[in-house]
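Give the three-dimensional model of this entry:
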Amino acid sequence: MFPIPYKQLLSGKLLVLLLLTIIFSLIGCVIALVINIIAGFPGVHFGNLFNMFIRVTGANIGIYISVLPIILLFCCSANYFLGGVALAFIYGYFGTFEGTLLNYYPIKASMILVDSTCGAEYGYTYHIFPALITITLTFLISIIILANKKKAPGTLTVTKKKKVVRKKGW
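Numbers count the residues shown, from 1 in each chain. Just a heads-up that it's a prediction; the model follows:
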């Protein structure tokens, strides 16, 4: 058994999660291609497939970077990881809203980077530069959090209650 510092183990897990994000993006694009071919939709060719793969993968990597601070904050506590999952869900849900202030919201910023015309049908204009700054700051915050991780995750401990022996009688 080789001892590995917790920070390196966590970095390896995050790298595997990034690779899984890319692989699942590819699988999603292949499934979409197969469905388009079966349904007989026009315009299915390599250029569209490559464009779709780049956009889907880019958006998913942006979302991965957006959620990375939450993952890093809640990964060291066995007692609070479900709170992190709930927070990440709510955090992602707010990314589905529309508004110009969302140029600075990391989840929405990742989608703006791959399609700056999203939300145009609602009259909103999104800008790539604030979205790029937001994703970059989120990534830098994640790196700072990872660099400051010092302790291994806490373990969930369950203690048994001692049974109180009562005296017989009154």
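
what number of residues lie near the closest residue in space to residue 80 that isn't next to it in sequence?
Once flanking residues are discounted, residue 80 sits nearest to residue 74: 5.5 Å by CB to CB, 6 or more residues apart in numbering. For glycine as for every other residue, the C-beta is placed from the backbone atoms N, C-alpha and C. Residue 74 has 19 neighbours, counted by other CB atoms under 10 Å.

measure residue 74 to residue 8 for me?
Relative to residue 8, residue 74 is positioned 19 Å away (CB to CB, to the nearest Å).

Likewise for residue 64?
20 Å.

Name the residue in those two with the higher neighbour count.
residue 64 (19 against 9).

host element of the more buried one?
In the assignment (DSSP states H and E), residue 64 maps to helix 46-74.

for the record, mean pLDDT for that helix?
For helix 46-74, mean pLDDT rounds to 89.

Do a quick rundown of the strands in the protein.
With strands called from DSSP state E, the chain shows none.

what stretches of it score poorly on pLDDT?
1, 119, 151-160, 169-170 (pLDDT under 70).

do you know how far the residue nearest to residue 80 is from residue 116?
For residue 74, the distance to residue 116 - CB to CB - is 32 Å.

hey, which helix is longest across the chain?
Ranked by number of residues, the top helix in the chain under DSSP state H is helix 6-39.

same for that one, what does it pack against?
Secondary-structure packing of helix 6-39 (3 or more CB pairs under 8 Å, 6 or more residues apart in numbering; DSSP states H and E): helix 46-74, helix 128-147.

which one of those helices is the most hemmed in?
Compared across the helices and strands packed on helix 6-39, helix 46-74 shows the largest average neighbour count, a mean of 17 (mean count of other CB atoms under 10 Å).

and that one, how far out from the chain's middle?
Counting by CA atoms, centre = their mean, to the nearest Å, helix 46-74 is centred 8 Å from the centre of its parent chain.
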